[in-house]
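[1] Give me a 3D structure for the following:
(2 chains)
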Amino acid sequence: MTRLLAAALAALALVGPAAAAAADRPVQADLEAEIVCPTCKTTLDQSSSPIATRMKAYIRAHIAAGDSAAEIKAQLVDQFGPAVLAEPPKRGFDLLAWLLPLGALAVGAVVVAALAWTWSRGRESAGGQEENGLDPDLERRVDEELARYDD
Amino acid sequence: MTGRAKTVGQSIAIAAVIGLLALLVWKLAFGDGQGAAGALAKGENPVAPAFTLSRLDAADGKLSLADLEGKAVVVNFWASWCIPCKDEAPALQKTYEQYRKQGLVVVGVDAQDFRQDAKRFAKRFGITYPIVYDGSGSTLGKWGVTGFPETFFVDRTGRLVGERIQGGIDAERNREAYAEGVRLALGKQQ
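    From the prediction side, this is the model:
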């Protein structure tokens, strides 16, 4: 029984790091979706151009060699420039590509909120006028009618 | 206050629309999107777009088109994965060897390619003329390159002459234009 337990523990010790390494290993399909073919400007998974085919083979070879996704991307950027990344890096001038849509969204939200506020205020004041501001002529006639009943 | 906000909003929207229209008009009027090749096709002889790129055959060397001032230059855009580039490579090397003493330089611009693949290509075809590496393809737009291979001719004053050759220089349809381009670049009388 003790032997069995020891064997199971040893197997776990061996399998644990291997499983963790497999989980960290980059996936070919993921990288193909994150890298742009320089001639056709689509991601590699959408292209079968000669350079896209060559880049897929490069990725495959470097995954097999044990390189991480970040390392493979860095190597491709070194060869083809930053435009090879489907998502621009979150630094420097490229950061604008991330910030501008968020900024536009924020400005849009503020504009919509301001319009909604203006609209609701307009309705309120219009409603208030309806409640408080009776036509003077009508008011006079109502007063006359009420006075006649009093008499 | 509400009326003022409304006016400001309308002004911004109108300004944005006018800006976009102006951009469209400018693009249509001035941005033909064909680079130097477009001007060449119209019969003009534009100054060859400048470049400074790392040499494929030197670890840290760079080559600038300006360095070749006074020489006739055949600029060939290529990539190792391009089939017609393989076919024309011996003819380009032959041109270089034949006219080198007359002051002609062939410059290969390897673009959108792996550096190592390009080096293997140069070794395989025994290329001795200078090759520069443009992995990102930064020069292609300025020259108006739309595919590989493409070849341009620069005369001794730095202007583009002859025709832009699309496809292999050894192809039957391009041979005459290629010979004429070399002749014009060298400044020879017919």
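[2] show me what contacts the residue of chain A found nearest chain B?
    At 3.0 Å from chain B, residue A:81 is the closest residue in chain A, using CB to the nearest CB. No exception for glycine: its C-beta is placed from N, CA and C like everyone else's. Residue A:81 is in contact with B:135-138, counting by CB atoms under 8 Å, 6 or more residues apart in numbering or on different chains.
[3] Narrow the residues you listed to just the buried residues.
    Using 16 or more other CB atoms under 10 Å in any protein chain shown as the burial test, these include B:135-137 as buried.
[4] Of those, which are in range of chain A?
    B:135-137 (CB under 8 Å from any CB of the partner chain).
[5] secondary structure class for the closest residue to chain A within chain B?
    Minimum separation of chain B from chain A (CB to the nearest CB) falls at residue B:136, amounting to 3.0 Å. Following DSSP: H, G, I helix; E, B strand; the rest coil, the label given to residue B:136 is coil.
[6] Can you tell me the closest non-neighbouring residue to it?
    Using CB to CB, 6 or more residues apart in numbering or on different chains and skipping residues adjacent in sequence, the residue nearest residue B:136 is residue A:81, 3.0 Å away.
[7] I'd like the distance between the one you found and residue B:96.
    With distances taken as CB to CB, to the nearest Å, residue A:81 is found 29 Å from residue B:96.
[8] re the thing from before, go ahead and confirm the residue of chain B closest to chain A touches residue A:38.
    Yes - if you go by CB atoms under 8 Å, residue B:136 and residue A:38 touch, sitting 7.3 Å apart.
[9] can you list residues touching both of those two?
    Taking CB under 8 Å, 6+ apart as the contact rule, residue B:136 and residue A:38 both touch A:80, A:83-84, B:112.
[10] Closest to residue B:74 out of these?
    In terms of CB to CB, no member of those lies closer to residue B:74 than residue B:112, at 20.2 Å.
[11] which ones are touching that closest one?
    By CB under 8 Å, 6+ apart, residue B:112 lies in contact with A:38-39, A:51, A:80, B:79, B:134-137, B:140.
[12] Could you provide these in a markdown table, with additional columns for distance to residue B:14 and pLDDT?
    Listed next are these as a markdown table, based on distance: CB to CB, whole Å; pLDDT from 0 to 100:
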| residue | distance to residue B:14 | pLDDT |
| --- | --- | --- |
| A:38 | 40 | 95 |
| A:39 | 40 | 94 |
| A:51 | 45 | 96 |
| A:80 | 42 | 96 |
| B:79 | 47 | 98 |
| B:134 | 43 | 97 |
| B:135 | 44 | 96 |
| B:136 | 39 | 95 |
| B:137 | 39 | 95 |
| B:140 | 38 | 96 |
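[13] May I ask which of those has the most neighbours?
    Among the contacts of residue B:112, residue B:79 has the most neighbours (other CB atoms under 10 Å in any protein chain shown), with 26 neighbours.
[14] separation between that residue and residue A:86?
    Between residue B:79 and residue A:86 the computed distance is 21 Å (CB to CB).
[15] okay, now residue B:25: neighbour count?
    10.
[16] elements contacting the helix or strand encompassing it?
    In this assignment (DSSP states H and E), residue B:25 forms part of helix B:2-30. Counting contacts by 3 or more CB pairs under 8 Å, 6 or more residues apart in numbering or on different chains; DSSP states H and E, helix B:2-30 packs against helix A:95-132.
[17] quick one: average confidence on the helix it packs on?
    Helix A:95-132 shows a mean pLDDT of 80.
[18] Remind me what that helix packs against, helices and strands.
    Using 3+ CB pairs under 8 Å, 6+ apart, the elements in contact with helix A:95-132 are helix B:2-30.
[19] The helix it packs on to helix A:95-132, inter-axis angle?
    Per axes from the mean of the first three to the mean of the last three CA atoms, to 10 degrees, the angle that helix B:2-30 makes with helix A:95-132 is 150 degrees.
[20] Can you give me the buried ones in whatever helix or strand comes next after helix B:2-30?
    Downstream of helix B:2-30, the next assigned helix or strand under DSSP H and E is helix B:35-41. If you call a residue buried by 16+ other CB under 10 Å, then helix B:35-41 has these buried ones: B:35-37, B:39-40.
[21] Residue B:52: which of those is nearest?
    Distances from residue B:52 to the buried residues of helix B:35-41, taken by CB to CB, are shortest for residue B:36, at 16.5 Å.
[22] got the contact list for the closest one?
    By CB under 8 Å, 6+ apart, the contact list for residue B:36 reads B:46, B:48-49, B:142-144, B:152, B:160.
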